[in-house]
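Student: Generate coordinates for the sequence data below:
(one chain, ligands or ions: 2)
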Amino acid sequence: MEQQLNRGGDVNQRIARISAYLYPKQMEGNSTLLERGNCRAKGGSPGFKVAILGVAGGIGQPLSMLMKMNPLVSVLHLYDVANTPGVTSDISHMDTGAVVRGFLGPQQLENALTRMDLVIIPAGVPRKLGMTRDDLFNINAGIVKTLCEGIAKCCPKAIVNVISNPVNSTVPIAAEVFKKAGTYDPKRLLGVTMLDVVRANTFVAEVLGLDPREVDVPVVGGHAGINPPCSFTSEEAAFLTSRIQNGGTEVVEAKAGAGSATLSMAYAAVKFADACLQGLIGDVNVIRCTFVDSVVTELPFFASKVRLGRNGIEEVYALGPVNEFERTGLEMAKKELAASIEKGVSFAAK
Ligand SMILES: NC(=O)c1ccc[n+]([C@@H]2O[C@H](COP(=O)([O-])OP(=O)(O)OC[C@H]3O[C@@H](n4cnc5c(N)ncnc54)[C@H](O)[C@@H]3O)[C@@H](O)[C@H]2O)c1
Ligand SMILES: O=C(O)C[C@H](O)C(=O)O
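Tutor: Ligands and ions are numbered 1, 2, ... in the order given. Model (predicted):
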C-alpha cells in the first residue's frame, strides 16, 4: 500500500508539487518556502486537508487509518455522530505525517469541514441480508443532504467523494443541495464506484490467471469492458458480469447480518481519494471510473472513466465501442439508473 500511495515520483518531488499547488505565487523562485509555509500543520507534513464523515463505521475506521498513511495528507478531520473520540485517539497514535483531529456530532460538523480540500462521505446505514441498496434511501438520503449542506457552507470548493448508498441517488442529492446553495461544480462531485473496479480486476484476473495488479477493468454504468485486450467465452463474460454486479450481495450474504463490504471498500475509497489528490497536485493521466454529472448517455449522471486534475474532473470519456452483450446490459442498467437519479433529485427538491 505504501508503495502504491507513493507512486508517481519521489516523495520530495511530490512535496514540491503539493507546495506549488497550495502556494503557486509564493513558490515562484522560492524553494525554501516549503520549510516556512503554513501548508504544514504544526509537527506534521505538507499536503492536503481531508475530512472523513462517518469515521466510526465499518468503512470509516479502516479508511481513516489508510488516509492517515497517505503522504499527500497533512490534516485529517474525523467526524461522526458517535464514537469519534475513540477512533481519533487510536488513529492519532500512528507515526505518519498527517495531523488528526476529531469532531463529534452536528454541532461540530462546521469545524470539521472548514478549509477542507477533500471530503469523503461513508456515513449512513449499510444493507443487511435481503435488502437492496435502495432500501437504504430513507435513512441515508437525509444524512447525505445534511452533510452536503455543511460542505456547501464551509468548504464549497472541496472535492467530494460520496460512498454512502444508494450512490446512484445520493450523488444527485448532493448535486441538488449544492445547486440550491449556489456552489455546485460538477467537476468536484464524484460518486465512488471504485469498489466495482477493484472487484472486476480481481475476478477477471482469477479467470485469466493473471496478477490483479496487471488488470484494469473500467466499470461503466454497471457493466464492464476489458483492458488489456482479451477475449472471453460468452459463459465467462456472463459469469464475470454477474459476479461483478453482485459482488456487494456476495459480501452481504457472507457477513450474514453483520453489514456489507467495509475493508475492500476502505481500500477502494483510499485508492480513489489518492487519485483525486494526485490530480490536485498536477499528476498527469490520472484516469479512474466514477459516477458523475455526465453527457455520456442521455442520463444526467453516469459512471464512466474520467481524467482527474487540478480542478477535479478535467475530462469525462465517452464509452467507446460496446458489443451486443454490453449494449443489452447498458440499456437495462440505464432504466434502473434513471429511476434512482430521479428519486434523489425529487427528495432534494422537497
Ligand atoms: N459506494 C460503495 O461502493 C459502497 C460500498 C460499501 C458500502 N457502502 C455504503 O457505505 C455506507 C457506510 O457503510 P458502513 O458499513 O461503514 O456502515 P456502518 O454502519 O458501519 O457505519 C456508518 C457510520 O456512519 C455514521 N453516521 C450515521 N449518521 C451519520 C451522520 N448524520 N453524520 C455522520 N456520520 C453518521 C454512523 O455513526 C457509523 O459510524 C453505507 O451506506 C453502505 O451501503 C458503499
Ligand atoms: O452491497 C452493498 O450494499 C455495499 C456496496 O454497495 C457494495 O457493492 O459492496
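Student: wouldn't residue 341 be in contact with residue 169 here?
Tutor: Yes. Counting by Cβ atoms under 8 Å, residue 341 does reach residue 169; the two are 6.9 Å apart. All C-beta atoms are positioned from the backbone trio N, CA, C, and that covers glycine.
Student: Those two: which is more packed in?
Tutor: residue 169 (30 against 21; other Cβ atoms under 10 Å).
Student: name the element that one belongs to?
Tutor: If you go by DSSP states H and E, residue 169 is part of helix 167-181.
Student: cool, and residue 89?
Tutor: Assigned by DSSP H and E, residue 89 falls within helix 84-92.
Student: relative to helix 84-92, how tilted is the next helix or strand after that helix?
Tutor: Once helix 84-92 ends, the next helix or strand along the chain (criterion: DSSP H and E) is strand 99-104. Angle, strand 99-104 to helix 84-92, by axes from the mean of the first three to the mean of the last three Cα atoms, to 10 degrees: 170 degrees.
Student: which residues touch strand 99-104?
Tutor: Contacting residues not belonging to strand 99-104 are listed as 41-44, 55, 68, 74-82, 84-85, 87-89, 91-92, 109, 111-112 [Cβ atoms under 8 Å, 6 or more residues apart in numbering].
Student: Among these, which ones lie close to ligand 2?
Tutor: When the contacts of strand 99-104 are checked against ligand 2 using Cβ under 6 Å from any ligand atom, none falls in range.
Student: Residue 109 contacts residue 79, doesn't it?
Tutor: Yes. Counting by Cβ under 8 Å, residue 109 touches residue 79, with 6.4 Å between them.
Student: These two: which has the busier surroundings?
Tutor: Counted by other Cβ under 10 Å, residue 109 and residue 79 do not tie: residue 79 has more neighbours, with 29 against 22.
Student: Tell me the helices and strands packed up against whichever strand or helix holds the more buried one.
Tutor: Using DSSP H and E, residue 79 maps to strand 73-80. Counting contacts by 3 or more Cβ pairs under 8 Å, 6 or more residues apart in numbering; DSSP states H and E, strand 73-80 is packed against strand 48-53, helix 60-68, helix 84-92, strand 99-104, helix 109-113.
Student: looking at these, which is buried most?
Tutor: Of these, the one with the most neighbours on average (mean count of other Cβ atoms under 10 Å) is strand 48-53, at a mean of 28.
Student: Can you show me the helices along this protein?
Tutor: Along the chain, counting by DSSP state H, helices occupy 2-5, 11-22, 24-27, 33-36, 60-68, 84-92, 109-113, 137-154, 167-181, 194-208, 234-245, 247-255, 263-280, 324-349.
Student: Take these and lay them out in a markdown table including mean pLDDT.
Tutor: Conversion of the helices of the chain to a markdown table gives the following (pLDDT from 0 to 100):
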| stretch | mean pLDDT |
| --- | --- |
| helix 2-5 | 40 |
| helix 11-22 | 62 |
| helix 24-27 | 48 |
| helix 33-36 | 28 |
| helix 60-68 | 98 |
| helix 84-92 | 98 |
| helix 109-113 | 98 |
| helix 137-154 | 98 |
| helix 167-181 | 97 |
| helix 194-208 | 95 |
| helix 234-245 | 91 |
| helix 247-255 | 94 |
| helix 263-280 | 98 |
| helix 324-349 | 92 |
